[in-house]
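Asks: kindly return the folded structure for what I paste below:
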Amino acid sequence: MQKTSKALFGLATAFVMSSALPNLAKADELTLCWAAWDPANALVELSKDFTAKTGTQMKFEFVPWTSYADRFLNELNSHGKLCDLIIGDSQWIGGSAENGHYVKLNDFFDKEGIKMDDFVPATVVGYSEWPKNTPNYWALPAMGDVVGWTYRKDWFEKPELQKEFKEKYGHDLAAPKTYDELKQIAEFFQKREIDGKTVYGASIYTERGSEGITMGVTNVLYDWGFQYENPKKPYEMEGFVNSDDAVKGLEFYKSLYDCCTPPGSSNVYMVESADAFKSGQVAMQMNFAFTWPGLYKDEKVGGDRIGFFPNPAEKAHFAQLGGQGISVVAYSDKRDAALQYIKWFAQPDVQAKWWELGGFSCLNSVVSAPGFAKSQPYAQAFLDSMAIVKDFWAEPSYASLLQAMQKRVHNYVVAGNGTAKEALDGLVKDWSDVFKDDGKI
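Replies: Numbering: from 1, shown residues only. This next block holds a predicted model:
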């Protein structure tokens with residue numbers, strides 16, 4: 001790690017390694033708002049360097065993920081002044097841009113020589129741009145994240161299990177490359193006794209209240225052929241959201257839930273999935289990459305016991321994008337000083353340290369540095385995953401779109417109501433109603 005850190009820090013030029021940031025707009029204190037999770041703790045540590053260089057104290061407002069959206073979207077919609085900087089979810093970008101919540105950063109980026117070409121392209125589209133695929137920037141990519149998987153490498157390597165699995169399925173027990181292989185592994189481990197304890201196949205997202213089951217099921221839907229709209233006609237969803245392939249993908253997700261999850265898995269999201277893995281309940285767990293550093297350090301399941309792999313493929317190969325960009329709140333009285341934090345955070349040496357501390361940098365020069373893929377046991381899986389990302393709607397009405405999908409999918413997958421075709425047909429209707437109200441169809 002020391003050699004890799006030196007290589008990453010060596011990317012910085014003499015300019016960005018200078019001990020002071022020139023022409024700083026002064027502020028006694030800035031407040032940064034984000035979710036309460038491990039990366040936020042890493043950002044607190046990282047930001048001590050900003051304070052040391054500028055004299056500006058950093059204050060942080062972190063709230064749990066379960067109330068993150070409600071808390072900060074209400075703050076933005078009320079034009080509140082609590083947050084000078086905000087690390088807002090990727091889906092907020094459309095509404096925050098169109099409603100004037102975020103400062104547009106194009107002129108600032110041009111002035112300071114910050115180039116979006118220097119960041120992983122998918123994170124620029126996902127975290128910074130509105131409208132999508134246009135050079136209009138409302139955030140700097142801050143925290144790369146994506147849904148991937150961890151597995152009990154020590155269980156997979158047991159000779160007796162390897163022998164039994166190969167005899168049954170005709171191939172080695174290893175990290176799956178397709179969803180069919182993943183289901184085989186999940187079925188193989190379901191209700192098996194290992195080290196005197198009954199274990200289960202997999203933990204997957206099923207949570208209904210916020211965004212959990214949507215962030216889970218999309219990984220499967222994308223790989224079976226689901227599309228949000230006709231690529232040639234925006235907002236035309238019939239035959240794309242509810243295509244025959246999409247229906248098969250949703251049926252597969254339900255089959256995985258029914259066959260291979262632990263008891264009491266009807267409301268699982270990030271914390272619950274990680275807990276199922278840490279408690280030794282499951283052979284595999286779906287979760288965002290931000291959980292990987294903590295899981296690797298876990299005394300019971302980390303170290304040599306854990307392995308990492310990107311979302312499997314099927315007809316296609318995608319993974320649900322997570323992560324966020326950092327924005328300057330338009331209602332802040334300290335806008336200029338907040339922009340200087342953005343400038344500082346964008347520097348290569350800062351981004352390299354961000355990765356070292358447990359954040360997930362989106363800067364090309366960091367993630368493509370020699371040795372990066374081996375800098376952490378999960379680094380290669382992170383790179384592979386970020387290369388296949390796809391995101392949920394980022395429309396201003398994303399909350400209504402999300403609520404509709406949460407309800408339709410959960411009712412089918414978890415509650416067992418109706419068919420997959422009925423669920424997706426209903427989703428087309430719900431989403432069409434939203435876009436009609438928006439005047440887009």
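
Asks: what's in contact with stretch 430-440?
Replies: Under the criterion Cβ atoms under 8 Å, 6 or more residues apart in numbering, residues 234-235, 237, 241, 395-397, 400-401, 404-405, 408, 441 lie in contact with stretch 430-440. Backbone N, C-alpha and C define where each C-beta goes, glycine included.

Asks: could you give the mean pLDDT of that stretch?
Replies: The average of the pLDDT scores along stretch 430-440 is 98.

Asks: next one: stretch 250-258
Replies: Confidence for stretch 250-258, expressed as mean pLDDT, is 98.

Asks: quick one, helices of the stretch 101-250 of the chain?
Replies: According to DSSP state H, counting those that start in this stretch, the stretch 101-250 of the chain carries its helices in the segments 106-112, 121-127, 153-156, 159-169, 179-189, 212-224, 244-260.

Asks: quick check: K81 vs C33, distance?
Replies: Distance, K81 to C33, by Cβ to Cβ, to the nearest Å: 11 Å.

Asks: between these two, who's got more neighbours?
Replies: C33 (24 against 13; other Cβ atoms under 10 Å).

Asks: the more buried one is in contact with K59, isn't it?
Replies: No. Using Cβ atoms under 8 Å, C33 is not in contact with K59; the gap is 9.7 Å.

Asks: need the residues that contact the helix or strand where L32 lies.
Replies: Secondary structure assigned from DSSP states H and E places L32 in strand 29-35. Identification of contacts with strand 29-35 by Cβ under 8 Å, 6+ apart yields 40, 43, 47, 56-65, 68, 72, 75, 82-87, 324, 326, 334, 337-338, 341.

Asks: again, only this time at 6 Å
Replies: The contact list for strand 29-35, computed with Cβ atoms under 6 Å, 6 or more residues apart in numbering, reads 40, 56-62, 65, 68, 72, 83-87, 334, 337-338.

Asks: filter those to the buried ones?
Replies: Neighbour counting by 16 or more other Cβ atoms under 10 Å classes 40, 56, 58, 60, 62, 65, 68, 72, 83-87, 334, 337-338 among the contacts of strand 29-35 as buried.

Asks: which one of the residues you listed is nearest G371?
Replies: Taking Cβ to Cβ as the measure, G371 lies nearest A40 of those, at 26.7 Å.

Asks: buried set for the strand or helix carrying the closest one?
Replies: Per DSSP H and E, A40 falls inside helix 38-54. Buried residues in helix 38-54, counted by 16+ other Cβ under 10 Å: P39, A40, A42, L43, L46, S47, F50, T54.

Asks: check the gap between the residue of the chain positioned farthest from its centre and P262 for me.
Replies: The C-alpha centroid of the chain is most remote from E167, which lies 36.8 Å away (Cα atoms, centre = their mean). E167 sits 26 Å away from P262, going by Cβ to Cβ.

Asks: D430 too?
Replies: For D430, the distance to P262 equals 31 Å [Cβ to Cβ].

Asks: swap in F308?
Replies: F308 is 21 Å from P262, by Cβ to Cβ.

Asks: and those two? which has more neighbours close in?
Replies: F308 (23 against 19).

Asks: so the more buried one sits against Y378, correct?
Replies: Yes. Here F308 reaches Y378: they are 4.5 Å apart, a contact under Cβ atoms under 6 Å.
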